[in-house]
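Peer 1: need coordinates for the following:
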Amino acid sequence: MRNVAWVCAMLLAVLGCSGKTSRMEVGKDVVSDPTAVSVQDFETVGQQMARSLIQLPQIQNAAQPPTIAFLPVENRSNDFIDKQAFQEKMRSLLVQNGNGKLLFLDRQHLDELKAERDAKDAGQLTSSGDAKFYGADYFLTGVISSINAAGGSEKTVFRRYAFRLTDARTSVIIWEHEYESQVYHKRGMMYR
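Peer 2: The predicted model follows:
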């Protein structure tokens, strides 16, 4: 009986020391390295890019909403950045703020889309629209880069997020926008 009580006491002690999990508000950064890419960086970059892109005359004055396909974002930074999540955030903000002025093509699921179209064409499924796929008017892509400098207990990280919109017919870059951030960190303090 004494051994059982001792084992239970030890289990409670181990479970009590196993850490703490808590919910937090979305967008709040909790990382041990303040120079790491943050949720707020994603949000700020996405909002700035969306506002800038929507104001383009080629988009504002278009008779029909232009179609945009995403090309992969290139990560040339020294950090791990989920390029797909970053691109999805950008697309989401563009769709939300686009006011119907842009159409985005889903090229990630092209095989599934073609299979669906073929089944509709064969009469296996019904459709209420045209069976053609849209072609892209523009391609949107970007590059994330960084420069890190460290010495002793100090570290500076300069990060650049650059995106461009390229005309699919002419290959002319019609828009390019960048967001830059710099973080200085010294053990015990941080400036952003």
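
Peer 1: C-alpha only now, for contacts and for neighbours.
Peer 2: Will do.

Peer 1: for residue 75, give the beta-bridge partners.
Peer 2: Beta-bridge partners for residue 75, by DSSP bridges, are residue 144.

Peer 1: residue 54 against residue 60, yeah?
Peer 2: Yes: shown here, residue 54 and residue 60 form a contact pair, counting by CA atoms under 8 Å, at 7.0 Å.

Peer 1: anything in contact with each of those two?
Peer 2: residue 101 (CA atoms under 8 Å, 6 or more residues apart in numbering).

Peer 1: what count of nearby residues applies to residue 153?
Peer 2: 9 (other CA atoms under 10 Å).

Peer 1: ugh, typo on my part, it should be residue 98
Peer 2: 20.

Peer 1: strands along the chain, start to end?
Peer 2: 67-70, 74-76, 103-104, 138-151, 154-167, 173-186, 189-191 (DSSP state E).

Peer 1: will you turn these into CSV that also has distance to residue 40, mean neighbour count and mean pLDDT?
Peer 2: Putting these into CSV (distance: least, CA to CA, whole Å; neighbours: other CA atoms under 10 Å; pLDDT from 0 to 100) gives the following:
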stretch, distance to residue 40, mean neighbour count, mean pLDDT
strand 67-70, 22, 20, 90
strand 74-76, 18, 15, 92
strand 103-104, 24, 18, 86
strand 138-151, 15, 17, 88
strand 154-167, 13, 18, 89
strand 173-186, 11, 15, 86
strand 189-191, 15, 11, 53
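
Peer 1: which one, of the ones you listed, ends up nearest to residue 49?
Peer 2: strand 173-186 (6.6 Å; CA to CA).

Peer 1: what does that closest one contact?
Peer 2: 34-35, 45, 48-49, 52-53, 56, 153-167, 190-192.

Peer 1: quick check: bridge partners of residue 166?
Peer 2: So, taking DSSP bridges as the rule, residue 166 has residue 139, residue 173 as bridge partners.

Peer 1: distance of it relative to residue 53?
Peer 2: Separation of residue 166 from residue 53 (CA to CA, to the nearest Å): 12 Å.

Peer 1: how about the nearest residue to residue 56, chain neighbours excluded?
Peer 2: For residue 56, the nearest residue in space outside its immediate sequence neighbours is residue 175; the separation is 7.8 Å by CA to CA, 6 or more residues apart in numbering.

Peer 1: one more: residue 95?
Peer 2: The nearest residue in space to residue 95 (CA to CA, 6+ apart) is residue 102, at 7.4 Å.

Peer 1: dump the residue contacts of that neighbour.
Peer 2: Residue 102 neighbours (CA under 8 Å, 6+ apart): 59, 65-68, 95.

Peer 1: just send those residues back as a markdown table, with distance to residue 123 too.
Peer 2: Converted to a markdown table, the contacts of residue 102 look like this (distance: CA to CA, whole Å):
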| residue | distance to residue 123 |
| --- | --- |
| 59 | 37 |
| 65 | 30 |
| 66 | 30 |
| 67 | 28 |
| 68 | 30 |
| 95 | 32 |
